[in-house]
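Visitor: Turn this into a model:
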Amino acid sequence: MGNLFDVLLQKPLSDDWFHGLIFVSFTLHMLFVLFTLGTGMLAVYYFIDFQWGGKPKELQLYKRILRTFMAHKSLAAVLGVGPLLLIQVAYTVPFFTAVNLLAPFWLLLFLFLIIAFLCFDILGHAREAHRYLHLAVSIVAILFLLLIPGIFVVILTTAESPGEWLTIAQNGFRLSGGLAGYWLLRYLHVLGGAIVFGSAYHYFFSAREERENKSLLKWIMAGILFQLIIGLLLYFSVLEKLDLACQIPLFFGAATTLFLLRSIICGMLRKTMADWKILVPLLMILLVSMLLTRQVIQDQGILPLQKVLARNAVDHKERLEPHARAALNGYQSSLQVSYHNRETIYMNSCAFCHGKEADGKGVEAQNLTIPPEDIAAIRTTHSYFYEILKEGIDGTAMPPFTFLDRYQVYGVIDYLNRRYHVLSRPEGIPVPVSSSVLAQAQIAYEQNCSSCHGRDGKGTPLSQGLKPTPPNLAEYSLTSERAFAVITNGYPGTAMPPFKDLAEDVRWGLVKVIYLKRRA
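Guide: So this is what the prediction gives:
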């Protein structure tokens, strides 16, 4: 989209609208991603804590937290479609380059999603806790769940770093050095945010007695401290990229984090519950500040590339413009061609490989591993020729012409037969073949040819596994000169080898042996 093709497609919205929509949709998606990750981590923690000597309230908290997992993950998945589609349209080349560079990880993402969600579903529907079984399931669930944001972060990190694409490819399609460290910090920052937002969600939706034990509040505080540490490391890792546009949301995010931490600590010291009217707005400011900083840094990496791509595409269009009218005129004239004309069908569907004179010397012949056959030298039956045209020849560039109806195929056969007598029986051999030479040729056929072509010329079980399959000599022949040339030089790209070591008269004898196998 957007100036990346020969026919330049205009984006449905301006870049400013795209940036705004991406930010809003990604923020909503990220909110429920953090709820999902935080819920998963908390549920597994409280389950393990209960199994290893915890109190019944930990089990109750584990079950209540886990019940919300499916709702969070469903909303996270649904809300993720919007920003994903918008990014594909707005940042086509960076996004798909990153996906292709790290394709194995991107494809594994779907497997990890299935495993993680299935394991959490098993835990959520279990009526009673089987200690070791559920412990194993919970560990698998949380491990695969935590791999998912890691893959998304590595894709976004790669998309935002076009200057590193060549290095990534040279390093075996993986991040290394500073970029790998930057990805790890971003990933840990997401996990810290998941702890904060997941804990906050369940704290404010807990019963009053559960909130009074302040267990979840401690998780919020721990997550904020973790984010502060990782955030400082991230700040210094991208310090050279930060301009004023980045510093402003960073400042608000840092100030909000410190104020959040102060409010929680003061509440815990006073032994009072945290006020959702204060904490929830502060958490949303923190999320918006974090994502706005990410958006600005992302644009710094991607937008210069987008401008280069757009400029190159416009230049490309200007170079093509002089040829556009001629191409359109040619296309228009082709629409007026009647494809019921047998010669027209051949010239438009066959001649580019087999040549206008059906001699196998079309313009594309030199690009094929297996050269097209010299149709003018074919001598076969109507039914056999029809089968070749309709079914194609597996293992070669000869396709099945299923788009032609029976009568159009009949027309092509009739056209070729009128010009080149392809439905005739093979003509005589231009050199005399004595009975002794013919006997030698029959022995040579048995020794060298029958394993593939069969004694009767109809093939063998061995030949059925070859691509392409050798022709049925009972129905298919070539002119004597062409048959002699194939016997002498072989057929490139096929299992037919050259037999130029045989005496010339024996090779002519082989032509006659082959002709004797014709039954139709």
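Visitor: what stretches of the protein score poorly on pLDDT?
Guide: 1-9, 51-60, 126-130, 206-213, 267-276, 330-339 (pLDDT under 70).
Visitor: how's it carved up into domains?
Guide: Here the domain parsing of the chain from automatic domain parsing is 15-301, 339-424, 429-520.
Visitor: measure stretch 427-438 end to end?
Guide: Length of stretch 427-438, first residue to last, Cα to Cα, to the nearest Å: 17 Å.
Visitor: export the domains of the chain to a markdown table and tack on distance to residue 318 and mean neighbour count?
Guide: In this view, the C-beta of every residue, glycine as well, is placed from N, C-alpha and C. Shown next, in a markdown table, are the domains of the chain (distance: least, Cβ to Cβ, whole Å; neighbours: other Cβ atoms under 10 Å):
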| stretch | distance to residue 318 | mean neighbour count |
| --- | --- | --- |
| domain 15-301 | 20 | 17 |
| domain 339-424 | 29 | 16 |
| domain 429-520 | 42 | 17 |
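Visitor: To residue 320, which of the ones you listed lies closest?
Guide: domain 15-301 (19.4 Å; Cβ to Cβ).
Visitor: Run the chain-centre distance for stretch 341-357.
Guide: Centroid separation for stretch 341-357 versus its chain: 36 Å, with Cα atoms, centre = their mean, to the nearest Å.
Visitor: From one end of that stretch to the other, what's the distance?
Guide: Start-to-end, stretch 341-357 (Cα to Cα) is 17 Å.
Visitor: Now do that stretch: everything it contacts.
Guide: With contact meaning Cβ atoms under 8 Å, 6 or more residues apart in numbering, stretch 341-357 is reached by 337-339, 358, 360-365, 368, 372-376, 397-398, 401, 404, 408, 411-412, 414-416.
Visitor: now with 10 Å?
Guide: Stretch 341-357 is contacted by residues 334, 337-339, 358, 360-365, 367-368, 371-376, 389, 396-399, 401, 403-404, 407-416, 418-420 when judged by Cβ atoms under 10 Å, 6 or more residues apart in numbering.
Visitor: Then stretch 171-179?
Guide: 100-105, 154, 157-158, 160-161, 163-164, 167-168, 170, 180-184, 237-238.
Visitor: Could you list which of those residues belong to strands?
Guide: Judged by DSSP state E, strands contain none of the contacts of stretch 171-179.
Visitor: which residues in the stretch 151-300 of the chain form helices?
Guide: For the stretch 151-300 of the chain, the helices defined by DSSP state H, counting those that start in this stretch occupy 165-170, 177-204, 208-212, 215-237, 244-270, 276-335.
Visitor: just the strands in the stretch 1-150 of the chain please.
Guide: For the stretch 1-150 of the chain, applying DSSP state E, counting those that start in this stretch gives no strands.
Visitor: ok, now which ones touch the closest residue to residue 431 other than its chain neighbours?
Guide: Distance criterion Cβ to Cβ, 6 or more residues apart in numbering; nearest residue to residue 431, sequence neighbours excluded, is residue 508 at 5.2 Å. By Cβ under 10 Å, 6+ apart, residue 508 lies in contact with 429-433, 437-438, 441, 480, 483-484, 487, 502.
Visitor: for residue 508, phi and psi?
Guide: phi -70, psi -40 (degrees, to the nearest 10).
Visitor: Likewise for residue 431?
Guide: Dihedral angles for residue 431 - degrees, to the nearest 10 - are phi -120, psi 150.
Visitor: That one and residue 507, how far apart?
Guide: The spacing between residue 431 and residue 507, counted by Cβ to Cβ, to the nearest Å, is 10 Å.
Visitor: same thing with residue 214?
Guide: 97 Å.
Visitor: same check, this time on residue 169
Guide: Residue 169 is 52 Å from residue 507, by Cβ to Cβ.
Visitor: With residue 20 instead?
Guide: Distance from residue 20 to residue 507, by Cβ to Cβ: 78 Å.
Visitor: cool, residue 12 as well?
Guide: 68 Å.
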